[in-house]
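**Q** prediction below, plus the sequence it came from.
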Amino acid sequence: MFAIIRTAMVSLRRDRGGLALSFLLPVVFFSIFAVIFGGRRDTTPKVHVLVVDEDHSPASERLVKGLKQEGSLVVTSGPEAVKGVEQPDYTAATAEIAVREGVAPVAVIIPHGFGENPISFGPADTKPPTVQLLEDRSDMIAPQMVTGLLQKVAVTSMPDLMAEQGSKYFDQFSGGLTHEQRDRLNQGIRQLRERQESDSSTSASSNESGGIIAVNARPVVGENKNNPMVSFYAAAIGVMFLLFTASGSAGALLDEAESGTLDRVLSSRVTMTSLLLGKLTYNSLLAFSQLVVMFLWGWAIFKLDFWSHIPGFIVMGVCTAVAVAAFGMLLASICHTRAQLGALSTLVILIMSSIGGSMFPRFLMPEAMQKAGLLTINAWAIDGFTKIFWRDEPISHLWPQVLVLVAVAIVLFIIARRVARRWEVA
Amino acid sequence: MSLPTNATCNSSLPLRIEGLVKRFGQLNAVDGITLELRSGECLGLLGPNGAGKSTLIRSIVGRVIPDAGTILIFGAKADSTAARSTLGWVPQELALYPRLTCFENLRAFGRYYGLKGIVLEQAVARCLDWSTLTDRAHELVKNLSGGMKRRLNMAAGLIHQPKLVLMDEPTVGVDPQSRHHIFEMIEKLRDEGMSLIYTTHYMEEAERLCDRIAIVDHGKIIELGTNDDLVRNAFGTRSQVLARFGGSPDRVVPWVAAHGGQTTDGIALFTISHPVEIASLLEDSAKAGLELVDVSLRKPNLESVFLHLTGRELRD
């Protein structure tokens, strides 16, 4: 028995790929998941909110200020400066466009007249202006979070206004207060206001979130989608398996090198560059076909709106397919055996897929990890497909994804070509 | 002396190699080989595994870059397109696509050599016929027998009708019947006047197929000539006695060495000038108390030449 254990241990020690899969991959995955879901406070993701204050009343300004003081929100009222030139603040219309384009998952529009009647409770004949919440339904968490926080901030940042408005309604329905009662009430409201002005902290906590201010949530992205997350997962899972297929398919190079077929081919008129280009084209076609099957399945079974997005799908499909094919070629050219390729590709692809958004959406991840995800093919491909199928953006908006994926394909192929020189001649 | 680089010069010679050197680290795989192949000739490269035969072949095909020396194929440099189109290579490995049929394999390799259309189809048909695989044309390679794979491997190297063919141990791992079939294929090529280089470590193959034989060891050609030349140069008119003795090797081996013989795998080998010398050998062995089990007289062959030249057997 000891002989068997010893033999197995020696074999494992000499199998670097097996060792990496056995020990390195679990540790890497554990770390990635721990960072995403482990709740390290300094890396917890913040929700980006666009705020448009159409009212500019003390109440609306206090609401905005209260939102800005929320640690879990990043509140923006205008676009970033372009070439040093400040951009005008968002309006309701531009904020809606920004949400559509994925600048932020949610926008809060505080309407004119909000300050006159900010609190929603009261007699039925008074209809307070409604705060508009423009939401991107691909992010299922942010709009709900902002809705809750709006109610919380109303309580913590405007307690005096609530009391004042409450007394007004009370006055109206109860036939009025005595002078003494009114003086005491006004004094209380004044104290609340003073305390609010002197203490801008948000330490006051209230879990009440049911309609203190009237909020009307309106999806501006994905409102007409049959199945919100299907397009995301079609792209996310598709890209991950494309990467596996591409590396496996590129591994044919290793089989051919081992069998001597590669030598024979290279002794003919075929050069290494034309051979690799041929394989890149084949692997790209294979990857594109896989994407077609994936999205057709999504259309047939999950009502994915495939047919109205064909041009965008072709653009993103081709770019993604070429990038993953080049990635596969690089992995295959680096490795010396199929076993090595299997281990390395599993390791690299699973890591890329986890931080690139193939396993869970990147908006759930901490800021730093979201940025790290941009180093992966997955993230760019998923972003591109999301633009097409989720945001219904025009093809021209795909240029960053197209540029990056094509550049990645070119760079990876050039590196693969250089590494493949080892097969050319001894 | 270096070879002329003018492509037209010596262009009638299928192959000319001068001072070829290839090192892998400290190992001199090819160590200054100079060689010429005549038109329509089949030249055998005979040597044990690791002698440098395959490295020499791979250098000619352009799969190995020599450290020194020159290779000209019909007067053109080995790495030129002109040389590649006149050169066919049958590698030692089964360099085929296992999931493709015989027909598809041949068509693929034909395309790699730039054949297309009717020319390609005719070439495929010709190669299938030559390798007697026409009836298996649409069989997947992985389902073929070892001998059939070997034949297809050869056919793939000849798809573009080269004038010079390099065959690197094409009979490795095949049964005697398939080997005989392969010999017939090669003899057909010889009859058509094709120039061939044939590497092997089976002396029977070299004797049967090759006009001249180069004995290769440690990266060098240690002898070159026809079969008869090689034997005559090494042994003249002498014969060999093979004797097997019973008893302890501790007694047998010193006695054999003392009588000018060599012991290999328990068999004592003596070279004698005249058959009557056998009698004295047997008499001496009896006097020494050795038990003679078996004795035979034979004419020296390539195996004997190799042993004579290197002190080792071909299959070591």
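**A** Okay, I see it.
**Q** need the contact list for the residue of chain B found nearest chain A.
**A** Per C-beta to the nearest C-beta, residue B:93 is where chain B lies closest to chain A, at 3.2 Å. Every C-beta, even on glycine, is put in place using the N, C-alpha and C of the backbone. By C-beta atoms under 8 Å, 6 or more residues apart in numbering or on different chains, residue B:93 lies in contact with A:259, A:260, A:263.
**Q** and what of residue A:101?
**A** Residue A:101 neighbours (C-beta under 8 Å, 6+ apart): A:391, A:393, A:397.
**Q** from chain B, how far off is it?
**A** 47 Å (C-beta to the nearest C-beta, to the nearest Å).
**Q** for residue A:137, same thing?
**A** 47 Å.
**Q** what parts of the stretch 251-400 of chain A come near chain B?
**A** Taking C-beta under 8 Å from any C-beta of the partner chain as the contact definition, the stretch 251-400 of chain A meets chain B at A:259, A:260, A:261, A:263, A:264, A:265, A:266, A:267, A:268, A:269, A:270.
**Q** which secondary structure elements does the helix or strand residue A:288 falls within contact?
**A** Using DSSP states H and E, residue A:288 falls within helix A:272-302. Packing partners of helix A:272-302 (3 or more C-beta pairs under 8 Å, 6 or more residues apart in numbering or on different chains; DSSP states H and E): helix A:230-250, helix A:261-266, helix A:310-334, helix A:399-419, helix A:421-424.
**Q** how about 6 Å then?
**A** Here helix A:272-302 touches helix A:230-250, helix A:310-334, going by 3 or more C-beta pairs under 6 Å, 6 or more residues apart in numbering or on different chains; DSSP states H and E.
**Q** if you average the pLDDT over it, what comes out?
**A** Mean per-residue pLDDT for helix A:272-302: 90.
**Q** most surrounded residue in the contacts of residue B:93?
**A** residue A:263 (23 neighbours; other C-beta atoms under 10 Å in any protein chain shown).
**Q** that one: what's it in contact with?
**A** Residue A:263 makes contact with residue B:63, according to C-beta atoms under 6 Å, 6 or more residues apart in numbering or on different chains.
**Q** what parts of the stretch 101-250 of chain B come near chain A?
**A** B:112, B:113, B:114 (C-beta under 6 Å from any C-beta of the partner chain).
**Q** from those residues, which land in helices?
**A** Residues of those located in helices (DSSP state H): residue B:112.
**Q** please pick the buried ones from the residues of the stretch 101-250 of chain B next to chain A.
**A** Buried subset of those (neighbour count, 16 or more other C-beta atoms under 10 Å in any protein chain shown): B:112, B:113.
**Q** let me see the ranges of the helices in the stretch 151-300 of chain B.
**A** Along the stretch 151-300 of chain B, the stretches classed as helices by DSSP state H, counting those that start in this stretch are B:176-191, B:203-209, B:227-235, B:249-258, B:277-287.
**Q** possible to save these as TSV with mean pLDDT and mean neighbour count?
**A** What follows is those, written out as TSV (pLDDT from 0 to 100; neighbours: other C-beta atoms under 10 Å in any protein chain shown):
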stretch	mean pLDDT	mean neighbour count
helix B:176-191	90	15
helix B:203-209	87	19
helix B:227-235	87	17
helix B:249-258	86	14
helix B:277-287	85	14
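**Q** which SS class is residue 129?
**A** Answering for chain A, as no chain was given. Classification of residue A:129 by DSSP: H, G, I helix; E, B strand; the rest coil places it in coil.
**Q** list the residues that contact it.
**A** Here residue A:129 is in contact with A:111, A:113, A:114 (C-beta under 6 Å, 6+ apart).
**Q** got it, and residue A:220?
**A** Going by C-beta under 6 Å, 6+ apart, residue A:220 touches A:96, A:99, A:100, A:134.
**Q** who wins for neighbours among those residues?
**A** residue A:134 (26 neighbours).
**Q** not counting its neighbours along the chain, what's nearest that one?
**A** The shortest distance from residue A:134 to any non-neighbouring residue, by C-beta to C-beta, 6 or more residues apart in numbering or on different chains, is to residue A:107 (4.2 Å).
**Q** buried ones among the contacts of residue A:101?
**A** A:391, A:393.
**Q** could you redo the contacts of residue A:101 as CSV and give each row secondary structure?
**A** Output for the contacts of residue A:101, formatted as CSV (three-state DSSP):
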residue, secondary structure
A:391, coil
A:393, coil
A:397, helix
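**Q** adding distance to residue A:362 and pLDDT, write the contacts of residue A:101 out as CSV.
**A** Below are the contacts of residue A:101 laid out as CSV (distance: C-beta to C-beta, whole Å; pLDDT from 0 to 100):
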residue, distance to residue A:362, pLDDT
A:391, 15, 81
A:393, 18, 86
A:397, 18, 90
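**Q** show residues contacting stretch B:225-232.
**A** Residues contacting stretch B:225-232 (C-beta under 6 Å, 6+ apart): B:207, B:212, B:223, B:300, B:305.
**Q** got the contact list for the second one?
**A** Spelled out, it's residue B:212. B:43, B:226.
**Q** for the chain, which segments count as strands?
**A** Reading this off chain A. A:47-53, A:73-76, A:106-110, A:131-136, A:215-221 (DSSP state E).
**Q** my bad, chain B
**A** Under DSSP E, chain B gives strands at B:15-24, B:27-37, B:42-46, B:68-73, B:76-77, B:87-90, B:164-168, B:195-200, B:212-217, B:220-225, B:239-246, B:262-264, B:267-272, B:291-298.
**Q** where in the stretch 151-300 of chain A is pLDDT low?
**A** A:163, A:165, A:167, A:169-177, A:188, A:191-211, A:222-228 (pLDDT under 70).
**Q** show me what residue of it gets nearest to chain B.
**A** The minimum distance from the stretch 151-300 of chain A to chain B, using C-beta to the nearest C-beta, falls at residue A:260 (3.2 Å).
**Q** which one is that residue nearest to, not counting chain neighbours?
**A** Using C-beta to C-beta, 6+ apart, the closest residue to residue A:260 is residue B:93 (3.2 Å).
**Q** give me the neighbour count for the nearest residue to residue A:257 once chain neighbours are set aside.
**A** The spatial neighbour of residue A:257 that comes closest, neighbours along the chain excluded (C-beta to C-beta, 6+ apart), is residue A:423 at 5.7 Å. Counted with other C-beta under 10 Å, residues neighbouring residue A:423 total 19.
**Q** pLDDT value on residue A:423, please?
**A** On pLDDT, residue A:423 comes in at 87.
**Q** ok, it to residue A:253 distance?
**A** For residue A:423, the distance to residue A:253 (C-beta to C-beta, to the nearest Å) stands at 8 Å.
**Q** same deal with residue B:221?
**A** Counting by C-beta to C-beta - residue B:221 and residue A:253 are separated by 36 Å.
**Q** on that earlier part again, considering the contacts of residue A:129, which possesses the most neighbours?
**A** The most crowded member of those, judged by other C-beta under 10 Å, is residue A:114 (23 neighbours).
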